[in-house]
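1. Everything below, folded, please.
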Amino acid sequence: MQWQENDVIQNSNWIKKRKLHNVDFFSDVFSKRIYSNRYHFEDLANEIFYEIFEYLDLYDIYKGFFNLNQRFQNLIINSNFLNQINISTMSKSKFEYYHKNILLPNKHRIRLIRLSNPFMNELIFSSAYTILRFIHLETLIFDHIEMKDFIKLINHLAHLHELYSLIISLADHIQSLSVLFSSIFQLKKLKYCKIEYTIKDDQNQKSISFDLTRHVFSPIQYLIINGDFPFNSLNNLLSCLPELHHISIQSLVNSNDNIKIDDLSYYIHLRYLKYVSFKLNSIDFNKFENIIKQFFDYVEILHLTMNSDEKYLNAKLWQQLIISYMPYLRIFDMKYQGSIENKYDIIKQFSSSFWIEKKWFFTHEHDWKSTMDRGVFYSSIPYRRKDYMYYWASDEQLYSHNQEENFNSVNHLFICSKIKDHCLKCFPNVNQLTFTLFFDDWNDSIVRNLNCMISLEQLTKIVLEPYRIPLEDIIRLLCFTSNLHTLQFHTFGLHHNNLDVVRRNYAFEYASKINKIKSLILHGRCSLNELEFIVNLFPQLKCLETGMNRTEIQQIIRFLLSKTHNKTQHLFYLCIAYTPKYINSNLYLWW
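-> Have a look, this model is predicted:
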């Protein structure tokens, strides 16, 4: 079995087939009509019902079909749907029904559980006795769990002998990587582990160092770390994983500890390690070279993102390393972010016969109108990454061996400069878009040029990082992205507009009718008037995260929970940012 499939569980398994947009309405209406036409309806074969169920969440299957008659009860009980429990965005009342009627009666059958709400963790795993009754649990996913709650659970999870896959996203800032990993390494059946965590910006780097005894071993084969990990502790980590096949670390950083790789006398031979993906943040080439020499003998696929040290742009150094220490390497994918000023002669070495024979090609992009510090040098043929950073121009003239680039692998596009008119790059599978830069002349041409690169109708998530993007431009973008379900932007645009005037615009009326946004993150603080504007613009909103003016918190919550209007009928989850004493200074409400 390929453990990479567990990542698919998070992404495609929940949306294996596109869900019906109005599932609640569908299940209510459909169940009523079934009674009046039940004789014709029940003539359908079981296989057709299972096909219908593929388009519905388990909650809606139960709510719409389970109580119709014995046949449907048997269909559901004997199906495989109960093997996988995905409890994501759900109101408290729905969850109570789900917990009582679906989860508890079937816990002995469940093989996968995904929890996306911090309130649900304690309710489902309320005691050691409850945990141990999930006897066939193989995959456990916590999308939002506090460290203290995870530590409480871990000792009991060690007794689940079929648990081989763990995916956790920690809600609070990590205090000790040693505590986190030593806890995970207690799970002696674990083969796949994906961890996501954050560290306070002002936290001492030494406090996150990873230090485990050389006698601690884990059977993990696939390890994905989304968070800062101290580079000087990488040797220690790898030495704990003798069966490692695949490792990916989002951010390797310098730390203040005095551990030196060459001083560590104990090394382990990673004969199964085939796949490595690292992002190196200000890590010297010479230090990383030592890791390659010690651990990468059998590596076949190497993905690297790096910055700062120009030695990473030296093709001759890489050629020597690959020939001497990575003889099995068949995919070399690198991305160097930063300045290439005065480095053209070094970069051209990547056009030598060694690279051409292996069909490893490279190119460079940067923003000519900005500075040479803003650019990227990367592997181009074929392009294998899921993300792409778009800059103003590329230097095709540097590389005579370049072929036409194919960007079918990209699902997340970063816009890092103004989009060039008649851009020839096409990203057919992009569903997530991030703007990293503000343009002074946002207008219809930006949307038009963007639509030549990607399908705006295909987008499901947009992140607008610049805080100065005008509100009118955000609304204009919404008019072309009707399938968007997640949006993130700064409240600056709300503060600098006459919202009553904006609300009367045709674009506002049109955007409010067609958008399907369920999750909204607003950076900054909102007033009551601004939140009233927001719920009018996003009538399908279920989850909201934003800061609030302290003097208005009580009024705002009263408005959001009010039953006297129909504006927040779908909203059931609220995170009030910048609030003291809660999860990372955030206050969460669930109803």
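2. Surely Thr568 and Asn536 touch.
-> No - judged on CB atoms under 8 Å, Thr568 makes no contact with Asn536 at a distance of 10.2 Å. Glycine gets a C-beta too; all of them are placed from N, C-alpha and C.
3. Between those two, which has more neighbouring residues?
-> Using other CB atoms under 10 Å as the criterion, Thr568 and Asn536 rank with Thr568 on top: 20 against 14.
4. Quickly note the distance from the more buried one to Tyr325.
-> In this view, Thr568 and Tyr325 are 59 Å apart by CB to CB, to the nearest Å.
5. got the contact list for Trp355?
-> By CB atoms under 8 Å, 6 or more residues apart in numbering, the contact set of Trp355 is Ala315, Gln319, Phe361, Phe362.
6. what pairs with the last one across the strands?
-> Read that as Phe362. In this entry, Phe362 is beta-bridged to Ser379, by DSSP bridges.
7. mind listing what it touches?
-> By CB under 8 Å, 6+ apart, the residues touching Phe362 are Met334, Ile347, Phe350, Trp355, Phe377, Tyr378, Ser379, Ser380, Tyr399.
8. okay if I get those residues as a markdown table plus distance to His269 and pLDDT?
-> Listed next are the contacts of Phe362 as a markdown table, based on distance: CB to CB, whole Å; pLDDT from 0 to 100:
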| residue | distance to His269 | pLDDT |
| --- | --- | --- |
| Met334 | 25 | 93 |
| Ile347 | 35 | 86 |
| Phe350 | 31 | 92 |
| Trp355 | 29 | 95 |
| Phe377 | 33 | 86 |
| Tyr378 | 32 | 87 |
| Ser379 | 28 | 88 |
| Ser380 | 34 | 83 |
| Tyr399 | 38 | 47 |
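9. Out of those, flag the one nearest to Gln488.
-> Tyr378 (25.7 Å; CB to CB).
10. since we're on the closest residue to the closest one other than its chain neighbours, how many residues are nearby?
-> Leaving aside its sequence neighbours, Tyr378 sits nearest to Lys335 (CB to CB, 6 or more residues apart in numbering; 4.2 Å). Lys335 has 20 neighbours, counted by other CB under 10 Å.
11. can you list the domains in this structure?
-> Per the record, the chain has its domains at 1-79, 460-591, by automatic domain parsing.
12. which of those has the lowest average pLDDT?
-> Ranked on mean pLDDT, the bottom entry among the domains of the chain is domain 1-79, at a mean of 64.
13. about what we covered before: packed most tightly, which of the domains of the chain would that be?
-> Mean neighbour count (mean count of other CB atoms under 10 Å) peaks for domain 460-591 among these, with a mean of 17.
14. Now for Phe53: which residues touch it?
-> Contact analysis of Phe53 by CB under 8 Å, 6+ apart lists Ile61, Ile76, Ser79, Phe81.
15. and which of those is nearest to Phe572?
-> Looking across those and measuring by CB to CB, the closest to Phe572 is Ile61, at 20.6 Å.
16. which element is the closest one on?
-> helix 58-61 (DSSP states H and E).
17. starting at the chain centroid, how far to that helix?
-> Helix 58-61 sits 25 Å away from the centroid of its parent chain (CA atoms, centre = their mean, to the nearest Å).
18. which stretches of the stretch 351-500 of the chain form strands?
-> For the stretch 351-500 of the chain, strands defined by DSSP state E, counting those that start in this stretch occupy the ranges 361-366, 375-381, 387-390, 393-394, 412-415, 432-435, 461-464, 486-490.
19. To Ile102, which of those strands lies closest?
-> Of the strands of the stretch 351-500 of the chain, nearest to Ile102 by CB to CB is strand 486-490, at 26.0 Å.
20. mind checking how far Arg384 is from Ser251?
-> Distance from Arg384 to Ser251, counting by CB to CB: 20 Å.
21. and what of Phe53?
-> 41 Å.
22. Just checking: what are the partner strands of the helix or strand hosting Ile576?
-> Using DSSP H and E, Ile576 falls within strand 573-577. Using DSSP bridges, strand 573-577 pairs in its sheet with strand 543-548 (parallel), strand 587-590 (antiparallel).
23. Pretty sure Leu499 sits against Phe533.
-> Yes - applying CB under 8 Å, one finds Leu499 in contact with Phe533, separated by 4.6 Å.
24. Adding distance to Asp297, write the strands of the stretch 351-500 of the chain out as TSV.
-> As requested, the strands of the stretch 351-500 of the chain are arranged in TSV below (distance: least, CB to CB, whole Å):
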stretch	distance to Asp297
strand 361-366	25
strand 375-381	22
strand 387-390	29
strand 393-394	35
strand 412-415	32
strand 432-435	36
strand 461-464	39
strand 486-490	42
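25. which residues are contacting stretch 550-566?
-> With contacts defined as CB under 8 Å, 6+ apart, stretch 550-566 is touched by 526-528, 531-532, 535, 544, 548, 568, 571, 574, 576, 589, 591.
26. From one end of that stretch to the other, what's the distance?
-> By CA to CA, to the nearest Å, the extent of stretch 550-566 from end to end equals 25 Å.
27. Equivalent analysis for stretch 99-109, please.
-> Across stretch 99-109, the terminal residues are separated by 14 Å (CA to CA).
28. Can you give me the buried ones in that stretch?
-> Ile102, Leu103, Asn106, Lys107 (16 or more other CB atoms under 10 Å).
29. Equivalent analysis for stretch 314-324, please.
-> Neighbour counts over stretch 314-324 (16+ other CB under 10 Å) mark Asn314, Ala315, Leu317, Trp318, Gln319, Leu321, Ile322 as buried.
30. Closest one of these to Thr305?
-> For these, the nearest to Thr305 is Trp318 (14.7 Å; CB to CB).
31. re the thing from before, from the contact counts, what lies against the helix holding Ile61?
-> helix 23-36, helix 92-98 (3 or more CB pairs under 8 Å, 6 or more residues apart in numbering; DSSP states H and E).
32. Beyond it, next helix or strand please.
-> Scanning forward in sequence from helix 58-61 by DSSP H and E, the next helix or strand is helix 70-77.
33. Can you list the neighbours in contact with the helix or strand that that next one is followed by?
-> Sequence order places strand 84-87 as the next helix or strand after helix 70-77, per DSSP H and E. Contact with strand 84-87 is made by 13-14, 57-58, 95, 98, 102-103, 110-117, 120, as judged by CB under 8 Å, 6+ apart.
34. Sheet-wise, list the partners of strand 84-87 with their directions.
-> With DSSP bridges as the test, strand 84-87 is paired with strand 112-115 (parallel).
35. average pLDDT for the strand it pairs with?
-> Per-residue pLDDT over strand 112-115 has a mean of 88.
36. hey, C-alpha coordinates of that strand in CSV?
-> Extracted in CSV, the C-alpha atoms of strand 112-115 (Å, rounded to 0.1, in the frame of the first residue of the first chain):
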residue,chain,number,x,y,z
LEU,A,112,-10.7,6.8,9.5
ILE,A,113,-11.7,9.9,11.5
ARG,A,114,-11.2,13.5,10.6
LEU,A,115,-12.0,16.2,13.1
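37. residues of it that come out buried?
-> In strand 112-115, counting by 16+ other CB under 10 Å, buried: Leu112, Ile113, Arg114, Leu115.
38. Mind telling me what element the residue nearest to Tyr378 is part of?
-> Here Lys335, judged by DSSP H and E, is contained in strand 331-337.
39. Repeat that for Leu541.
-> In the assignment (DSSP H and E), Leu541 maps to no helix and no strand.
40. about what we covered before: which one of the domains of the chain lies nearest to Leu137?
-> Of those, nearest to Leu137 by CB to CB is domain 1-79, at 13.3 Å.
41. ok, back up a step: got JSON lines for the buried residues of stretch 99-109, with distance to Ile556 and secondary structure too?
-> Putting those into JSON lines (distance: CB to CB, whole Å; DSSP: H, G, I helix; E, B strand; the rest coil) gives the following:
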{"residue": "Ile102", "distance to Ile556": "34", "secondary structure": "helix"}
{"residue": "Leu103", "distance to Ile556": "33", "secondary structure": "helix"}
{"residue": "Asn106", "distance to Ile556": "39", "secondary structure": "helix"}
{"residue": "Lys107", "distance to Ile556": "39", "secondary structure": "coil"}
